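> here is the input, now give the coordinates:
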Amino acid sequence: MTDQPDLRHGESRSVDTNSSVVVDLKEYKQSKDPLPVTFQRRELDAILWIYGRMVGEGEWRDYAIDHLKDKAVFSVFKRSGEMPLFRIEKNPKLSAKQGAFSVINTNGMTLKRGHDLSQVLKVFDKQLKLVEK
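Next comes the predicted model:
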């Protein structure tokens with residue numbers, strides 16, 4: 001014997017085709033395609049302030065911003081067709097360790113890394129030199 005009704009004697013079986021599942025669209029999109037890492041407004045302001053100063057001094061002429069899955073990168077160039085002189089990176093995976101922010105030169109060497117972007121950007125401050133006449 002089975003638990004199914006006998007359809008020969010006029011009994012009908014109802015199948016619930018209206019069982020709907022509510023899916024939060026925001027959660028669905030994040031699970032399918034995670035949002036890229038971006039610079040926050042204050043972080044970008046600090047970077048652009050340094051960029052403006054260096055452009056004024058004739059050191060830098062162009063920049064690019066990349067928002068990737070694992071990090072955000074602000075690259076600065078002397079000329080747009082060349083390799084970047086410096087990359088300012090934000091990598092949240094490193095925030096608990098060495099710090100999320102770093103400045104990397106053309107050769108790939110990390111010049112400074114830390115938790116506070118303003119401290120990391122001090123690598124671009126000019127040191128005063130003693131000049132003899």
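
> and residue 103, what is it in contact with?
86-89, 110-113, 120-121, 123-124 (CB atoms under 8 Å, 6 or more residues apart in numbering). Using the backbone N, CA and C atoms, a C-beta is placed for each residue, glycine as well.

> make it 10 Å
50, 74, 76, 86-89, 109-114, 117, 120-124 (CB atoms under 10 Å, 6 or more residues apart in numbering).

> so it sits in a strand?
Yes - the assignment for residue 103, made by DSSP: H, G, I helix; E, B strand; the rest coil, places it in a strand.

> give me the beta-bridge partners of it?
Beta bridges link residue 103 to residue 88, residue 112, judged by DSSP bridges.

> ok, the residue nearest in space to the middle of the chain to residue 79 distance?
By CA atoms, centre = their mean, the chain has its centre lying nearest to residue 37, at 2.0 Å. Distance, residue 37 to residue 79, by CB to CB, to the nearest Å: 27 Å.

> which residue ranges of this structure form helices?
Here the chain has its helices, by DSSP state H, at 25-32, 41-56, 117-120.

> which of those sits most buried?
helix 117-120 (a mean of 18; mean count of other CB atoms under 10 Å).

> tell me the mean pLDDT over it?
Helix 117-120 shows a mean pLDDT of 94.

> residue ranges with poor pLDDT in this structure?
Where the chain drops to pLDDT under 70, the residues are 1-19, 28-32, 80, 127-133.

> ranges for the strands of it?
62-67, 72-77, 86-90, 101-105, 110-114 (DSSP state E).

> the nearest residue to residue 55 once chain neighbours are set aside: what's it in contact with?
Excluding the flanking residues, the one nearest residue 55 by CB to CB, 6 or more residues apart in numbering is residue 61, at 6.7 Å. By CB under 10 Å, 6+ apart, residue 61 lies in contact with 54-55, 76-80, 82, 85.

> please redo it, this time with the cut-off set to 7 Å
55, 77-79 (CB atoms under 7 Å, 6 or more residues apart in numbering).

> distance of it from residue 94?
Taken as CB to CB, the span from residue 61 to residue 94 is 29 Å.
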